[in-house]
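Student: how does the following fold in three dimensions:
(2 chains)
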Amino acid sequence: MPVVSIDQVASHVGKEITLRGWLYNLRESGKLIFPQFRDGTGVIQGVVSRTENPDAFQALSGLPQESSLEVTGLVRADARAPGGYEMQVTAVTIIQKITEPYPIQLKEHGVDFLLENRHLWIRTPRQAAILRIRDEAIFAAREYMHKQGYVLTDSPIFTPSSCEGTTNLFEVDYMDDRKAYLTQSGQLYVEATAAALGKVYCFGPAFRAERSKTRRHLTEFWMLEPEAAFARMDDMMALAEGLITHIIQSAVEHCPKELDTLKRDVKLLETVRPPFPRISYDEAIEILHKHGNPTPWGEDFGGDEETILSSEHGRPVIVHHFPSAIKAFYMQPDPQRPELALGFDILAPEGYGEIVGGGERISSYELLMERLRQNDLPEEPFRWYLDLRRFGSVPHSGFGLGLERTVAWITGAEHIREVIPFPRTIYRIYP
RNA sequence: UGGGGCGUGGUCCAAUUGGUAGGACGCUGCACUGUUAAUGCAGACGGUGGAGGUUCGAAUCCUCCCGCCCCAGCCA
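Tutor: Purely as a prediction, here's the structure:
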């Protein structure tokens, strides 16, 4: 008997197949029972009649949710079945019968309980759909970068110092009484590989000990960070635009079932096409003032400001030319207006916040030294980074794309913790 | 790091503001040949986050502690 996954049953109508998986739910109705099976690719309803198949009926009758099993039966199209297909079960092999109540019910649960049982929560259709979309997003992102000629050069996770200041770093014991820090960004290292290979990117986890407790923050999140020699800010805005569009459209194209499971309004994603609106920081301040938001020039934007700026467009919005004072030390100043940095942020629609931050990096040795001193950063750990400005320095630019915020936006997730298999937040490191 | 909020059976919630802590789900059993988080009936188990205090009496009021949630800041 061929073993078929549930997402393939449509092409096996009228045939007898075997499914391997778990009992998702069981509805009993007298001499008929309707077990629902799941195998990770989907859920299908079975039908078993006591009179026609007493052995299978007895095996499934009263079987607790999430017991593991192998079932064989005839696939039929039936409008009465959820999903349109069902299996008329002929044979059942129980692999493990659960002997205690399964913790996750098909009812409502609180956030704390679900996170405490994250290892089981991910078995539910909604969570499984989110994780599949996450996979699609990662695949699409790497595919796009590869096709654009970018080489994956991953940055180290242990680092000797910080990228953007010494606070918010996780310190760990290294060898022989030395200290190391978990990376908060791979950017500095891709600047080095960009000088070696031209167009590069890294993709991996970043760690921030920020005591943030919002729905947009994790202490461990994944970031994709391109860096290109000779690229300017405009090049990076175009790359980010193309990358985001490709990720979104790949998800729309390849994950319709998952988006449907999540009841996501796909129209809000289909409209995501280039070009994205580009707003300078100066213009953004004007827009905010028109909307009665009093943010003075020189201040950074918060959630409210981001929502105002992104609300008018069905696409992400690019804000560029921020004041240098509110951006990282390595940002190249605008030659026309040195008080501005050649940096940009991309704000996702629907309040999902900043998903990209990037810009052009300082290429001058002298200016970089000056900025290190201004920010009270030690010179020694940055010696290698300064070398990049001593040996064939060129203009170069890059950005960081936050994977979880992007996936949260695609899936319409209420909280970013739903879009990573095992979220790490300020108060939770279990399971 | 500030501001606000919440902790009641395994889970999700109630308790008329200080007066006998209940219900639903889940679990067990029975009934039911088209269920859609099935339904109906019956049954069993089981709880006020912790420590003090006020009071004749505390889930309820006070103090401290613990856990969690939301918002802001910071950022992706």
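Student: how about the residues of the stretch 251-400 of chain A by RNA strand B?
Tutor: Counting by C-beta under 7 Å from any atom of the strand, the positions of the stretch 251-400 of chain A adjacent to RNA strand B are A:300, A:302-304, A:306, A:326, A:328, A:345, A:353-357, A:400. From N, CA and C alone the C-beta is placed, and that goes for glycine too.
Student: including secondary structure and pLDDT, could the residues you listed go into a markdown table?
Tutor: Shown next, in a markdown table, are those (DSSP: H, G, I helix; E, B strand; the rest coil; pLDDT from 0 to 100):
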| residue | secondary structure | pLDDT |
| --- | --- | --- |
| A:300 | coil | 87 |
| A:302 | coil | 82 |
| A:303 | helix | 79 |
| A:304 | helix | 81 |
| A:306 | helix | 86 |
| A:326 | helix | 87 |
| A:328 | coil | 86 |
| A:345 | strand | 94 |
| A:353 | strand | 86 |
| A:354 | strand | 90 |
| A:355 | strand | 93 |
| A:356 | strand | 95 |
| A:357 | strand | 94 |
| A:400 | strand | 96 |
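Student: from those residues, which is closest to RNA strand B?
Tutor: residue A:302 (2.0 Å; C-beta to the nearest atom of the strand).
Student: residue contacts, the closest one?
Tutor: With contact set as C-beta atoms under 8 Å, 6 or more residues apart in numbering, residue A:302 has no partners.
Student: hmm, try it at 10 Å
Tutor: A:293, A:295, A:353 (C-beta atoms under 10 Å, 6 or more residues apart in numbering).
Student: try residue A:262
Tutor: A:125, A:126, A:127, A:129, A:130, A:133, A:255, A:410, A:411, A:412, A:413, A:418.
Student: farthest-separated two in these?
Tutor: Largest separation among those by C-beta to C-beta: A:125 and A:410, giving 16.9 Å.
Student: just to revisit the earlier point, any of the contacts of residue A:262 buried? List them.
Tutor: By neighbour count, with 16 or more other C-beta atoms under 10 Å, the contacts of residue A:262 hold A:126, A:127, A:129, A:130, A:133, A:255, A:410, A:411, A:412, A:413, A:418 as buried.
Student: using CSV, lay out those residues together with secondary structure, pLDDT and distance to residue A:107.
Tutor: Shown next, in CSV, are these (DSSP: H, G, I helix; E, B strand; the rest coil; pLDDT from 0 to 100; distance: C-beta to C-beta, whole Å):
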residue, secondary structure, pLDDT, distance to residue A:107
A:126, helix, 92, 14
A:127, helix, 94, 15
A:129, helix, 95, 19
A:130, helix, 95, 20
A:133, helix, 97, 25
A:255, coil, 96, 27
A:410, helix, 95, 27
A:411, helix, 94, 22
A:412, coil, 92, 22
A:413, coil, 91, 20
A:418, helix, 92, 18
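Student: tell me what residue A:201 is bridged to.
Tutor: In this entry, residue A:201 is beta-bridged to residue A:152, residue A:226, by DSSP bridges.
Student: isn't it up against residue A:398?
Tutor: Yes. Look at residue A:201 against residue A:398 with C-beta atoms under 10 Å: they come within range, at 8.0 Å.
Student: touching both of those two, which residues are there?
Tutor: A:186, A:190, A:194, A:225, A:226, A:227, A:228, A:239.
Student: tell me, which of the residues you listed make contact with RNA strand B?
Tutor: Applying C-beta under 7 Å from any atom of the strand to the shared contacts of residue A:201 and residue A:398, none is adjacent to RNA strand B.
Student: most neighbours among the contacts of residue A:302, which one?
Tutor: residue A:353 (22 neighbours; other C-beta atoms under 10 Å).
Student: verify the contact between that residue and residue A:409 for me.
Tutor: Yes. Here residue A:353 reaches residue A:409: they are 8.6 Å apart, a contact under C-beta under 10 Å.
Student: overlap in contacts of the two?
Tutor: Counting by C-beta under 10 Å, 6+ apart, the common neighbours of residue A:353 and residue A:409 are A:402, A:416.
Student: before we move on, the earlier item: what is the nearest of the buried ones among the contacts of residue A:262 to RNA strand B?
Tutor: residue A:418 (10.1 Å).
Student: who does the helix or strand bottoming out on mean pLDDT in chain A touch, helix- and strand-wise?
Tutor: Least confident helix or strand, chain A: helix A:303-311 with a mean of 83, by mean pLDDT, DSSP states H and E. Helix A:303-311 is packed against helix A:281-290, strand A:317-320, strand A:343-348, strand A:353-360, with contacts defined by 3 or more C-beta pairs under 10 Å, 6 or more residues apart in numbering; DSSP states H and E.
Student: how does it look with 6 Å?
Tutor: helix A:281-290 (3 or more C-beta pairs under 6 Å, 6 or more residues apart in numbering; DSSP states H and E).
Student: next one: phi and psi at the one residue in the stretch 151-300 of chain A that gets nearest to RNA strand B?
Tutor: Proximity of the stretch 151-300 of chain A to RNA strand B (C-beta to the nearest atom of the strand) peaks at residue A:212, 3.2 Å away. Backbone torsions for residue A:212, taken as degrees, to the nearest 10, come to phi -80, psi 140.
Student: the spatially closest residue to it that is not a sequence neighbour: neighbour count?
Tutor: Closest residue in space to residue A:212, ignoring its immediate chain neighbours: residue A:426 at 6.8 Å, by C-beta to C-beta, 6 or more residues apart in numbering. Close neighbours of residue A:426, defined as other C-beta under 10 Å, add up to 13.
Student: pLDDT score for residue A:426?
Tutor: With respect to pLDDT, residue A:426 scores 83.
Student: repeat for residue A:165
Tutor: So residue A:165 comes in at 54 (pLDDT).
Student: next: residue A:85.
Tutor: 94.
Student: OK, contacts around the nearest residue to it once chain neighbours are set aside?
Tutor: Nearest residue to residue A:85, sequence neighbours excluded (C-beta to C-beta, 6+ apart): residue A:9, at 5.2 Å. Contacts for residue A:9 (C-beta atoms under 6 Å, 6 or more residues apart in numbering) come out as A:44, A:75, A:85.
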